[in-house]
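>>> Need coordinates for the below:
(4 chains)
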There are 2 protein chains.
Amino acid sequence: MSRRAVTISEVAKHAGVAVSTVSYVLSGKRTISADTRRRVLASISALGYHPHAGARALASKRSNVIALVLPLRAGMHVPVLMRFASAVVTAARRFDHDVLLLTADEGTAGIRRVAASALVDALVLMDVELDDRRVPLLRELAEPSVLIGFPAHPAGLTCVDLDFHAAGARCVEHLAERGHEEIALLGAPSVVYDRATGFATRTRDGFEAALSEHGLKGVALPCEETFDEVYETVRDLLLDHPGLSGLVVHNEAAVGHVLAALRQLGRRVPQDMAVVAICPDDVAERASPPLTSVLIPAEEVGREAVRLVMDKLEGRAVPDSTLLAPLLAVRSST
Amino acid sequence: MSRRAVTISEVAKHAGVAVSTVSYVLSGKRTISADTRRRVLASISALGYHPHAGARALASKRSNVIALVLPLRAGMHVPVLMRFASAVVTAARRFDHDVLLLTADEGTAGIRRVAASALVDALVLMDVELDDRRVPLLRELAEPSVLIGFPAHPAGLTCVDLDFHAAGARCVEHLAERGHEEIALLGAPSVVYDRATGFATRTRDGFEAALSEHGLKGVALPCEETFDEVYETVRDLLLDHPGLSGLVVHNEAAVGHVLAALRQLGRRVPQDMAVVAICPDDVAERASPPLTSVLIPAEEVGREAVRLVMDKLEGRAVPDSTLLAPLLAVRSST
DNA sequence: GCCGGTCGTCGAAGCGCTTCGACAGTCTCT
DNA sequence: AGAGACTGTCGAAGCGCTTCGACGACCGGC
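Here you go, the predicted structure:
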């Protein structure tokens, strides 16, 4: 049970070298002869030595821990969140760092606490709001941070997200390849556009740009999230655009309703209407029929966020904004 | 930006006391006069002092961090997981601890590492398998741990979970009271049974035990999570068991699909088929119709796990096994 | 054969905190 | 009034590690 932990000085004694030599073997910050290194490493594994994290943090001013701030509140699509978290942990481990989990409900206090107490070296925040209270705090913090998502004023911050402009365009392109000539985008609820929320607008712009590039007809509409509103929107859409044969849905909550409405209106998917969604993979897969979709690359975003934050820790310059290319998965709805 | 952090000795100087006095004000381990305490606290907030976590861990042999080991892999219903995680973080904060997130894919190595390096004081593990490789390690570890879920041989461990055996039985009992004579259990995806994960098996055992106790006919089936698979399963079930009038669903991801499939197959709930779910409350409430359900008390389990692990840290004795009684909420589906 | 330059290693000085023993003062019994 | 028990505070000794400066040993160039 409670064997007292092995310390670096016991390793040094066992290997017949100075404490500092053991330290240098471990950190590689000074050259050590191959022979000495071998002896030290042998002693380390013979004794089962693990450096004491606290002592290391105290002496080196690095805890080798990064904070991950998750929303954990209603309205987020949780499975995606989890995949982000998982990706961040895995990526952090690759840089020999661990991950401290903070929930957003502790607000700025939690961030301030873990940063000020040197518990963490850096922070990764998820689900940043347009006007996020934490953003000013991050700006004045000594510890580097990376945001997943974009606030309204990202100046001075490092942000990473899916390239929604390209995602909108990619959907159009896919439908164009399939020979569709008139397509519509059903987006976020109108309130989201009114707020000029980044990702919704960016998708629409990408959609429209691609439309004119491919010489297609089309229309972009906001889309509410109750079944009745969705039904009306879809019905009117079909009446107003009899030539319509392709649909891009960028509204996770409405996807199911859209499919149900189409079914109810006697349109088969994909025979009468091709549907492409921009949504998490599992939503697309579970829909009936499974939807061709641009997936939200959680793993890649998480990995990239960690890479950026590590670069900042090492003092390397990083781009303010990193946009990840969309990936389209073809399923049975197109 | 990078103002050097305030240390305890600066606080001491500012307040005109010894360093140790500041420490005792913070820890309360010795009596301090009200007047001195006030002066020290004033200096602390005036200077914005935060104790250095590493230094504290080094000197006190306590990091005030607990590890949370999450599965993050297929077959688990992720939102529930998230609620566990959230509950653990919140509860840990209440004991002035933070939470380090480990993923199960690092296996025993990660656990060994964070324990040996004194990064964490204790561990909470989720989704323990019946024959979990990590269990022997936990037994020999000096750091206390608590499992959410039960392995096959829980001797010497501290485990907490919903009493799934009782939950399965409770559902049968409820349906028996309502006069149903042939009922089925739709459980987790088969991969979960193959892994022999405790909770799925225990629910089934409880279901079957109650079945024979009440002299009912019935069958227990695994249940996948896409609509098409669920539809097939339900359709076959109805064909094979024409007398079936009650259904227990223990699979959050599938409940919606089960209801949709029943509707599509012309069975009304509850008139033609009574349905009881074992799932988080919000899932049951949002279903249409709202489902009678045994709720999964994620918050309570997480909180309890943290309480237990803190008790162990303080050297207090704790029960080996904590089973939370199932609570059945009657809604309109039975 | 001597000088300057690496190379490999060591010793010691912290890093910021907790905790132990010591010790003046105060209070409470006799 | 004096012994004994508290109270409140201090100083100093670590906790286990990193890192800096120092210093022999060895190298090649002249």
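>>> contacting residues around A:Val276?
A:171, A:174-175, A:246-249, A:291-294, A:328, A:333-334 (CB atoms under 8 Å, 6 or more residues apart in numbering or on different chains). Every residue, glycine included, has its C-beta placed from N, CA and C.
>>> Point to the residue nearest the middle of chain A.
In chain A, the residue lying closest to the centroid (CA atoms, centre = their mean) is A:Val301, at 4.0 Å.
>>> For chain A, spot the helix or strand the model is least confident about on average.
Across the helices and strands of chain A, mean pLDDT, DSSP states H and E gives its lowest value to helix A:190-194, namely a mean of 69.
>>> Check which element follows that one along the chain.
In the C-terminal direction, the helix or strand that comes right after helix A:190-194 (DSSP states H and E) is helix A:198-214.
>>> Alpha carbons of that next one, as CSV, please.
Written as CSV, here are the backbone C-alpha positions of helix A:198-214 (Å, rounded to 0.1, in the frame of the first residue of the first chain):
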residue,chain,number,x,y,z
GLY,A,198,-20.7,34.4,-36.6
PHE,A,199,-21.3,30.8,-37.8
ALA,A,200,-24.8,31.2,-39.2
THR,A,201,-23.9,34.2,-41.3
ARG,A,202,-20.7,32.7,-42.5
THR,A,203,-22.5,29.6,-43.7
ARG,A,204,-25.1,31.6,-45.6
ASP,A,205,-22.4,33.7,-47.2
GLY,A,206,-20.6,30.6,-48.3
PHE,A,207,-23.8,29.1,-49.6
GLU,A,208,-24.6,32.2,-51.7
ALA,A,209,-21.1,32.6,-53.0
ALA,A,210,-21.1,29.0,-54.2
LEU,A,211,-24.5,29.4,-55.7
SER,A,212,-23.4,32.2,-58.0
GLU,A,213,-20.1,30.5,-58.7
HIS,A,214,-21.9,27.4,-60.0
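>>> residues of whatever helix or strand comes next after that helix that come out buried?
Going down the chain from helix A:198-214, the next helix or strand is strand A:217-221, by DSSP H and E. Across strand A:217-221, burial judged by 16 or more other CB atoms under 10 Å in any protein chain shown covers A:Gly218, A:Val219, A:Ala220.
>>> What is the nearest of those residues to DNA strand C?
DNA strand C has its nearest neighbour among the buried residues of strand A:217-221 in A:Ala220, at 55.4 Å by CB to the nearest atom of the strand.
>>> who's in contact with the closest one?
A:Ala220 touches A:Ala184, A:Leu185, A:Gly187, A:Arg204, A:Phe207, A:Glu208, counting by CB under 8 Å, 6+ apart.
>>> Ignoring the adjacent residues along the chain, who's closest to it?
Distance criterion CB to CB, 6 or more residues apart in numbering or on different chains; nearest residue to A:Ala220, sequence neighbours excluded, is A:Leu185 at 4.1 Å.
>>> Starting from the helix or strand where that neighbour lies, tell me which strands it pairs with and how they run.
Secondary structure from DSSP H and E places A:Leu185 in strand A:182-186. Taking DSSP bridges as the criterion, strand A:182-186 sits next to strand A:217-221 (parallel), strand A:246-249 (parallel) in its sheet.
>>> still on that earlier bit, hmm, the residue nearest to A:Ala220 is touching A:Leu216, no?
No: A:Leu185 is beyond contact range of A:Leu216, at 11.6 Å (criterion: CB atoms under 8 Å).
>>> can you map out the strands along the stretch 201-334 of chain A?
A:217-221, A:246-249, A:274-278, A:292-295, A:321-324, A:327-329 (DSSP state E, counting those that start in this stretch).
>>> In TSV: those, plus distance to B:Leu119 and mean pLDDT.
TSV is the format used below for the strands of the stretch 201-334 of chain A (distance: least, CB to CB, whole Å; pLDDT from 0 to 100):
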stretch	distance to B:Leu119	mean pLDDT
strand A:217-221	50	92
strand A:246-249	45	94
strand A:274-278	39	94
strand A:292-295	34	92
strand A:321-324	30	94
strand A:327-329	36	92
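>>> Could you find the closest non-adjacent residue to the one residue in the stretch 151-300 of chain A that gets nearest to chain B?
Residue of the stretch 151-300 of chain A nearest chain B, by CB to the nearest CB: A:Ser288 (4.5 Å). Nearest non-adjacent residue to A:Ser288, counting by CB to CB, 6+ apart: B:Phe227, 4.5 Å away.
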